[in-house]
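In: show me how the following folds:
(one chain, ligands or ions: 1)
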Amino acid sequence: MAEIESPRKPHAIMISFHLQGHIIPFVNLAIKLASKGFTITFVHNEFIHHQISKSQYNSTQVDIFSEARNSGLDINYTTISDGFPLEFDRGGNLNQFAESFLIDFPTRVDEFVGKILHSQSSSSYNYFLIADTLCVWPAKIAKKYNIVNVSFWTEPALVFSLYYHLDLLRKNGHVPANGLEENITYIPGIQSISTKDFMSYLQGSESTIIHTIMFAAFEEVKNADFILCNTVQELEAEAVSALNENQPFYAVGPVFPTDFSESTVARSLLPESDSTEWLKTKSPGSVLYVSFGSLAKIDEHVILEVAEGLLLSEVNFLWVLRPGTVSCDDDEILTVGYKNRIKDQGLIVPWCKQNLVLSNPAIGGFLTHCGWNSILESIWCGVPMICYPLFTDQITNRKLVVDDWKIGINLCGGISVSREEVAEKIKILMGGGKSDGLKEEMKSVRNMMQNALDGSSERNFDQFLKDLKAKILSKTKD
Ligand code: UDP
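Out: Alright, predicted model coming up:
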């Protein structure tokens with residue numbers, strides 16, 4: 001039977017989540033959807049807009065999506081306030097900010113969506129909602145306005161599955177894990193996982209506002225019409241298909257820009273240093289890239305051990321040392337003395353275009369905190385990893401990289417680390433011998449990912465679009 005098309009154009013309202021590791025794939029998803037002919041209204045939090053536009057354009061009066069629109073994509077761009085003035089220190093007042101995100105922000109989104117749906121042009125469109133899975137409001141708002149609700153999960157299916165089955169884990173006494181080390185085999189689609197590999201939010205009995213948000217979000221997602229996951233079906237086949245038994249769940253990753261190393265849409269919260277010239281002076285595969293992502297705080301002692309370990313290893317390195325990485329106020333933790341000792345062995349920058357760096361032939365390894373985007377990007381470029389997970393999903397992501405896919409090694413057993421250990425692991429990863437096996441495994445995982453882009457992920461995305469259109473049509477008849 002021929003598909004019945006609605007005369008109204010499908011129009012996604014996409015409200016981004018305010019963290020760097022969520023913004024990047026969410027923007028990429030908007031571009032992907034727009035390139036399939038969808039109209040998008042993309043919405044950033046006002047303070048995120050200010051941070052991106054200030055750091056990338058030195059002006060806040062810019063439309064971040066104008067270049068994408070000029071290339072023919074139908075994307076409107078606007079902002080929404082979170083209720084705090086721009087200068088409010090959100091990170092420094094995390095509890096107050098998070099509480100408002102949980103309680104007040106949904107009302108703002110509700111008003112915002114209501115306005116769009118009642119605008120003059122609304123009769124030309126069939127609106128639907130796409131929100132990050134960590135948002136606590138989509139199902140209520142979608143229900144109120146009778147629109148389709150799509151949830152986007154920016155982490156692996158394994159992590160989704162553990163949060164999703166929180167009740168089961170609690171019932172069995174495995175959450176909070178409380179230092180217990182036990183293998184769990186009863187979660188559908190997960191053959192076996194040790195409680196030590198659970199995300200940090202499932203580890204301790206402490207309950208913060210962030211725990212409340214995470215757990216509320218995972219109740220909310222159970223009412224989503226569709227869930228898109230930034231993973232590769234072949235890499236997480238069982239977890240993906242088990243989740244699909246509960247709700248329509250599509251592995252559509254990796255959701256990257258069309259040109260992997262450059263995006264037409266600015267997405268970075270910090271200005272990006274360009275290290276291309278320095279990398280040009282290094283031989284292929286000789287540089288270790290080091291980054292702990294956009295959020296993690298690291299103990300001063302650890303940073304100093306990593307710094308000394310890098311020197312001891314005698315391997316070239318490019319280190320992203322983000323301002324605010326260290327818990328103390330001292331951004332100049334690495335003294336002029338240290339920087340002089342590095343000479344030409346290393347380069348330290350506050351932030352970079354990570355995709356551009358990882359795809360540079362000089363890069364031969366990645367010392368990473370195991371953020372999910374970093375892992376996907378590293379696999380895409382075939383760069384094996386040394387894993388130093390710090391919190392949240394990073395702990396669970398490490399299991400996939402080291403234990404399951406064997407494309408990385410652990411830096412150490414826990415958080416504490418010594419310079420000798422750092423140097424030893426770097427030499428293992430960057431030298432021949434033991435790392436040859438890693439490189440072989442990486443080749444096959446990378447192939448799987450690259451094949452998925454035109455294969456399973458593309459098919460899953462197309463299936464999602466088909467299902468979405470059918471659902472939108474059925475809603476209009478409600
Ligand atoms: N990133 C970047 N420049 C940097 C460091 C990181 O552009 O100097 C990007 C990186 O490519 C990734 C994102 O920031 O897409 C970080 O996300 P991830 O999930 O790896 O970690 P998180 O920051 O969420 O902990």
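In: when you work out contacts or count neighbours from here on, use the C-alpha atoms and nothing else.
Out: OK.
In: shaky segments in this protein?
Out: Under the criterion pLDDT under 70, the flagged ranges of the chain are 1-5, 327-331, 432, 478.
In: get me the contact residues on it for the ligand.
Out: Counting by CA under 6 Å from any ligand atom, the residues of the chain close to the ligand are 20-21, 24, 293-295, 320, 351-355, 371-374.
In: go with 5 Å
Out: Contacts of the chain with the ligand, taken as CA under 5 Å from any ligand atom, map to 21, 293, 294, 351, 352, 353, 354, 371, 372, 373, 374.
In: so what's the residue count around the fourth one?
Out: By that I understand residue 351. 21 (other CA atoms under 10 Å).
In: wait, isn't it in contact with residue 273?
Out: Yes: here residue 351 reaches residue 273: they are 6.0 Å apart, a contact under CA atoms under 8 Å.
In: narrow the residues of the chain next to the ligand to those that are buried.
Out: Neighbour counting by 16 or more other CA atoms under 10 Å classes 21, 293, 294, 351, 352, 354, 371, 372, 373, 374 among the residues of the chain next to the ligand as buried.
In: same list (these) but as JSON lines, adding secondary structure.
Out: Listed next are those as JSON lines, based on DSSP: H, G, I helix; E, B strand; the rest coil:
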{"residue": "21", "secondary structure": "helix"}
{"residue": "293", "secondary structure": "coil"}
{"residue": "294", "secondary structure": "coil"}
{"residue": "351", "secondary structure": "coil"}
{"residue": "352", "secondary structure": "strand"}
{"residue": "354", "secondary structure": "helix"}
{"residue": "371", "secondary structure": "coil"}
{"residue": "372", "secondary structure": "helix"}
{"residue": "373", "secondary structure": "helix"}
{"residue": "374", "secondary structure": "helix"}
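In: list the contacts for the residue nearest the centre of the chain?
Out: Centroid check for the chain by CA atoms, centre = their mean gives residue 21 as the closest residue, at 3.8 Å. Listed by CA atoms under 8 Å, 6 or more residues apart in numbering, the contact partners of residue 21 are 154, 294, 371, 373.
In: change it to 10 Å
Out: 154, 155, 267, 268, 293, 294, 295, 371, 372, 373, 374 (CA atoms under 10 Å, 6 or more residues apart in numbering).
In: need the overlap of contacts for residue 351 and residue 273.
Out: Counting by CA under 10 Å, 6+ apart, the residues touching both residue 351 and residue 273 are residue 320.
In: list the contacts of residue 106.
Out: Residues near residue 106 by CA under 10 Å, 6+ apart: 82, 100, 112, 135, 136, 137, 138, 140, 141.
In: any idea how many residues pack against the third one?
Out: As a burial measure, the neighbour count of residue 112 was computed by other CA under 10 Å and equals 13.
In: circling back to that earlier point, most neighbours among the contacts of residue 106, which one is it?
Out: Most neighbours among the contacts of residue 106, by other CA under 10 Å: residue 138, with 28 neighbours.
In: how far away is that one from residue 91?
Out: Separation of residue 138 from residue 91 (CA to CA, to the nearest Å) stands at 24 Å.
In: now residue 258
Out: 32 Å.
In: can you tell me the closest non-neighbouring residue to residue 448?
Out: Of all residues not flanking residue 448 in the chain, residue 234 sits nearest, at 6.9 Å (CA to CA, 6 or more residues apart in numbering).
In: cool, and residue 62?
Out: Excluding its sequence neighbours, the residue lying closest to residue 62 (CA to CA, 6+ apart) is residue 53, at 6.7 Å.
In: now swap in residue 395 and tell me
Out: Nearest residue to residue 395, sequence neighbours excluded (CA to CA, 6+ apart): residue 389, at 5.2 Å.
In: surely that neighbour is in contact with residue 400?
Out: No: Residue 389 lies out of contact with residue 400 (CA atoms under 10 Å); the separation is 12.0 Å.
In: now do the shared contacts for those two.
Out: Joint contacts of residue 389 and residue 400 (CA under 10 Å, 6+ apart) are residue 370.
In: more neighbours: which of those two?
Out: Using other CA under 10 Å as the criterion, residue 389 and residue 400 rank with residue 389 on top: 24 against 20.
In: which ones are touching that one?
Out: Going by CA under 10 Å, 6+ apart, residue 389 touches 292, 296, 368-371, 395-399, 410-412, 414-415.
In: just the buried ones from those?
Out: Buried residues within the contacts of residue 389, counting neighbours by 16+ other CA under 10 Å: 292, 296, 368-371, 395-399, 410-412.
In: hmm, which two among these are most spread apart?
Out: Within these, 296 and 399 form the most distant pair, 18.6 Å apart (CA to CA).
In: could you pull out the helices in the stretch 351-478 of the chain for me?
Out: 354-358, 372-380, 394-398, 419-430, 435-454, 456-477 (DSSP state H, counting those that start in this stretch).
In: point out the most buried one among the ones you listed.
Out: helix 394-398 (a mean of 25; mean count of other CA atoms under 10 Å).
In: ok so, going back, can you name the two of the contacts of residue 106 that sit furthest apart?
Out: The widest separation within these (CA to CA) is 18.3 Å, between 82 and 140.
In: return the residues in contact with the nearest residue to residue 472 once chain neighbours are set aside.
Out: Spatial nearest neighbour of residue 472, chain neighbours left out: residue 148 (6.3 Å); criterion: CA to CA, 6+ apart. For residue 148, the contact set (CA under 10 Å, 6+ apart) comprises 12, 126-130, 138-139, 141-142, 224-226, 468-469, 471-475.
In: tell me the spacing between residue 148 and residue 138.
Out: 10 Å.
In: hey, what's in contact with both of the two?
Out: With CA under 10 Å, 6+ apart, residue 148 and residue 138 have common neighbours 129, 130, 224.
In: of those residues, closest to residue 118?
Out: The closest of the shared contacts of residue 148 and residue 138, once distances to residue 118 are taken by CA to CA, is residue 129, at 15.0 Å.
In: can you tell me the element that closest one falls in?
Out: Assigned by DSSP states H and E, residue 129 belongs to strand 125-132.
In: direction included, what does that strand pair up with?
Out: Partners of strand 125-132 in the sheet, by DSSP bridges, are strand 9-15 (parallel), strand 148-153 (parallel).
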